[in-house]
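# need a structure here:
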Amino acid sequence: MPDPTPDPPPDLTGKTLGDFYVQRKLGQGGMGQVYLARQLSLKREVALKLLNTHLAQNETALKRFQAEAEAIAQISHPNIVQVFAIGENDGLRYMALEYVRGLNLRDYLERKGPPELTIALSILRQVAAALQRASELGIVHRDIKPENILLTRKVEVKVADFGLSRLTQGEQLPLNLTQSGVTVGTPLYMSPEQVRGQATDHRSDIYSLGVTAYHLLAGEPPFTGANAIDVAMKHVNEEPPPLNAVRPDLPADLCALVHKMMAKRPTDRYQSAKEILRDVAKLREGHALGFTQMLAVGPATLPSLGLSLPLPSTTTAQLPLVPPPSRWPVRILAALAVAGVFTGGWFLFGRLHPPAAAMAGPTEPGLPAARLPEAVKLISARESDLLARLDKRAATAAEVIDASIDLGLLYVKEHRYPEAEKVFHQLEHEKPDRARPVNPQFPVQATVSRLGIGIVQAHQDKAKDSIATFRSAIDPLRKPLALGLLQQFLMEHRDLVLAVAEAVQRDADNLPKGEKFPLALEKLRSPATMLKE
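The predicted model follows:
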């Protein structure tokens, strides 16, 4: 039997397609390649998405490609990737899109783990805002997942890949790319109605956002399995593990919000993204705008949002019955095959199982005894990953700095202060071959090291020592250029900004009566001031 797999497309780096000079390959999607290109006429960088040659002969693929461009072109929103142009050159179909510098949410989570609550709520709010705008135009994304949520260094969200979207109203409705009985999407995040091949509306996106939010907060999706059918069946038949069992430190209202988005019946979910935005806003307001130690705040400190939804148990007795088992798996298998799940689509891109780090052994001593096993495993996996990155001799300076910040702050959260101080101390004394070239205007290793040690000392209630350490980090940076470089660095490391602000406030609170807090450190008490936002 001949191999049905088409030849890999040629690398177009260095080629010019119309108005676009191809600079380098960014990645490979289910339908084509994505390149970084420069639009010659406007002198700007774009993401150039090319449809694979063999798919260009497929009428359905062409319609999907065209539909994605048309869908995005209708939406003007700061949280949605903008489309600039669509065209053809020498038989190659391409789409020029806004180029987003940063990471997708999947990569962010694999590198950093679940973020601080403020950042998580910000991401959730921005994705919900994008979905609200799309739903107002009758557009259902139908493939919301971490890979399609792009994050800039400032944690600004851009929702991407409307290639599976469908217009639910307007004259374009006949462009029905996903007929009833055909499943399109990614099983780790798709709604029960998508799995069944039923018609979907914006509430399907809300379900997928709920699964994505669960992954964002828990560090892994609620359902995994040996194969696509396994995962798809769990979305139909099983309740996700209670989020508060994995993250008992999260506010109860936030856990209820996530589980409400993941309700099996569309009528039991939020009925619009606007409702999600309302409750996220209440959470953000109740959390003092997020400039405190997020993971130390218990549910009782937040005002209730009035979410009466109980956290789900493991029972599924009240779920709607699925079709008879003799036919149901066959239907799902056929539907997933049509979706391209088994033929190089996104799903078999190594995403059926949690990251290997999640299988790490027991955590190191010193973790709080109140942690549940799931939370301990998550922390241990994160620690192992960061230690491996620091031990990697080929790591770049930026990777060493990022991993040191993340590991040091992880230890601080776990009250493992000697280990945290050791990590930050070692950063200042990195070997020259791994350290970033010293900039006399902004010695980044020394600055980050001292900020980190100051954080540790603050949490040990050594206010005077902490203040002195913070002064040693900030005082040398008095020139405008140095301050500008510091601000740029902090904008790329908001976890550090929040940790410094909380530590400095702690120092101010712990100073003996009669002692004044140094005016030079006042700017560190406000993240907004540090970032000039």
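# tell me which residues in stretch 257-277 are buried?
For stretch 257-277, the neighbour count (16 or more other Cβ atoms under 10 Å) marks 257-264, 266, 269-270, 272-273, 275-277 as buried. For every residue, glycine as well, the C-beta is placed using N, CA and C.
# Among the residues you listed, name the ones in helices.
Members of the buried residues of stretch 257-277 lying in helices (criterion: DSSP state H): L257, V258, H259, K260, M261, A273, E275, I276, L277.
# Max pairwise distance over these: which two?
H259 and L277 (17.6 Å; Cβ to Cβ).
# circling back: from the buried residues of stretch 257-277, which two are the most distant?
The widest separation within the buried residues of stretch 257-277 (Cβ to Cβ) is 22.9 Å, between K264 and L277.
# what sits against I405?
V448, G452, H493, D495, L496 (Cβ atoms under 8 Å, 6 or more residues apart in numbering).
# Domain ranges for this protein, per the record?
Listed domain ranges for the chain are 9-99, 102-171+187-292, 381-531 (source: the TED database).
# Strands of the chain, residue ranges please.
For the chain, the strands defined by DSSP state E cover 16-17, 20-28, 32-39, 44-51, 83-89, 92-98, 103-104, 139-140, 149-151, 157-159, 166-167.
# one step back: just the buried residues of stretch 257-277 now: which is nearest I80?
Nearest to I80, judged by Cβ to Cβ, of those is A273 at 12.6 Å.
# So that closest one sits against S135, correct?
Yes: applying Cβ atoms under 8 Å, one finds A273 in contact with S135, separated by 6.2 Å.
# Next, show the common contact partners of the two.
Shared contacts of A273 and S135 (Cβ under 8 Å, 6+ apart): H202, D205.
# If we only consider the ones in helices among the buried residues of stretch 257-277, which is nearest to V100?
For these, the nearest to V100 is A273 (20.9 Å; Cβ to Cβ).
# one step back: for N227, which of the strands of the chain is the nearest?
strand 20-28 (21.9 Å).
# circling back to that earlier point, would you reformat the ones in helices among the buried residues of stretch 257-277 as JSON lines and include distance to V140?
Listed next are these as JSON lines, based on distance: Cβ to Cβ, whole Å:
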{"residue": "L257", "distance to V140": "21"}
{"residue": "V258", "distance to V140": "20"}
{"residue": "H259", "distance to V140": "22"}
{"residue": "K260", "distance to V140": "19"}
{"residue": "M261", "distance to V140": "15"}
{"residue": "A273", "distance to V140": "12"}
{"residue": "E275", "distance to V140": "17"}
{"residue": "I276", "distance to V140": "16"}
{"residue": "L277", "distance to V140": "18"}
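# Might you list the low-confidence residue ranges for this protein?
1-8, 29-31, 54-56, 68, 163-186, 287-379, 393-395, 430-442, 478-483, 527-533 (pLDDT under 70).
# surely E399 meets R389?
Yes: in this structure, E399 is within contact of R389 by Cβ under 8 Å, at 6.2 Å.
# Just the closest of the buried residues of stretch 257-277 to L216, please.
Closest approach to L216 among the buried residues of stretch 257-277 (Cβ to Cβ): V258, at 9.0 Å.
# So what's the residue count around E239?
19 (other Cβ atoms under 10 Å).
# try the one 3 residues further on
Around P242 there are 17 other residues, counting by other Cβ under 10 Å.
# That one against V258, yeah?
No: counting by Cβ under 8 Å, P242 does not reach V258; the two are 10.1 Å apart.
# Check the contact lists of the two and give me the overlap.
Joint contacts of P242 and V258 (Cβ under 8 Å, 6+ apart) do not exist.
# For L390, which residues are in contact?
V400, A403, S404, L407, V423.
# Now render those residues as a markdown table, adding distance to G102 and neighbour count.
Shown next, in a markdown table, are the contacts of L390 (distance: Cβ to Cβ, whole Å; neighbours: other Cβ atoms under 10 Å):
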| residue | distance to G102 | neighbour count |
| --- | --- | --- |
| V400 | 20 | 21 |
| A403 | 18 | 23 |
| S404 | 20 | 23 |
| L407 | 21 | 24 |
| V423 | 25 | 27 |
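# Okay, and which of those map to helices?
Judged by DSSP H, the subset of the contacts of L390 located in helices is V400, A403, S404, L407, V423.
# between those residues, which is nearest M190?
Among the ones in helices among the contacts of L390, A403 lies closest to M190 (Cβ to Cβ), at 33.4 Å.
# how about L521, what does it touch?
Contacts for L521 were tallied using Cβ under 8 Å, 6+ apart; they are I467, F470, R471, I474, V504.
# Same question for D507.
A458, A463, S466, I467, F470, F517.
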